[in-house]
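In: fold the following for me, if possible:
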Amino acid sequence: MKICIVSSCGGHLTEARALRAAYEKHAHFYVLNDEVILPEDMQGKTFFVRHWERDWLFFVNLREAWQILRRERPALILTTGAGVAVPFALVGKVLRIPTVFVESFTRVNRPSLTGRVMYYLADRFFYQWRPLGRFFPKGICGGPLI
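Out: Coordinates of the predicted model:
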């Protein structure tokens, strides 16, 4: 099984890497929305896409997601957000690739915008703090990653 890990840089990537035990035994690759210095285990298996902030670049990300997912053919998309998760989840729906989303650790009492959108797009939705259960009744509280 090949897994596509989609994440923004910074805290979202830290959370995605905290889930390594769940995916490191499988073939996997990363998609990040900004170029950063990569740890050795991510080198050679990371794609970089344009960073968008709720503007027209969303459509560029849709095209990039289409190209990457068609080329790599993962069995699963795992994402911790932020906005880069949405185009990959949409393209994943079209290509019938299930998506697992984990809401940010920093969201304790109120959901993120990405979380509110991904709740309807993701095949499995996890949140880390119990107060979010009222916003995500079909989600799973998995507890804090970090």
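In: the closest residue to L121 other than its chain neighbours: what's it in contact with?
Out: With Cβ to Cβ, 6 or more residues apart in numbering as the criterion, L121 has its nearest non-adjacent residue at 4.1 Å, and that residue is A89. In this view, the C-beta of every residue, glycine as well, is placed from N, C-alpha and C. Contacts of A89 were listed using Cβ atoms under 8 Å, 6 or more residues apart in numbering, and they are I77, T79, T99, F101, M118, L121, A122.
In: in helices, which of those residues appear?
Out: M118, L121 (DSSP state H).
In: scan the contacts of A89 and report the most crowded one.
Out: Greatest neighbour count in the contacts of A89, by other Cβ atoms under 10 Å, goes to T79: 28 neighbours.
In: show me where this protein has its helices.
Out: 11-18, 20-23, 57-72, 85-94, 113-121.
In: between those, which gets nearest to R50?
Out: Proximity to R50 (Cβ to Cβ) singles out helix 57-72 among the helices of the chain, at 5.1 Å.
In: how near is the residue nearest the centre of the chain to R134?
Out: For the chain, the residue nearest the mean C-alpha position is T79 (1.6 Å; Cα atoms, centre = their mean). Distance, T79 to R134, using Cβ to Cβ, to the nearest Å: 23 Å.
In: poorly predicted segments of the protein, please.
Out: The model of the chain has pLDDT under 70 over residues 54.
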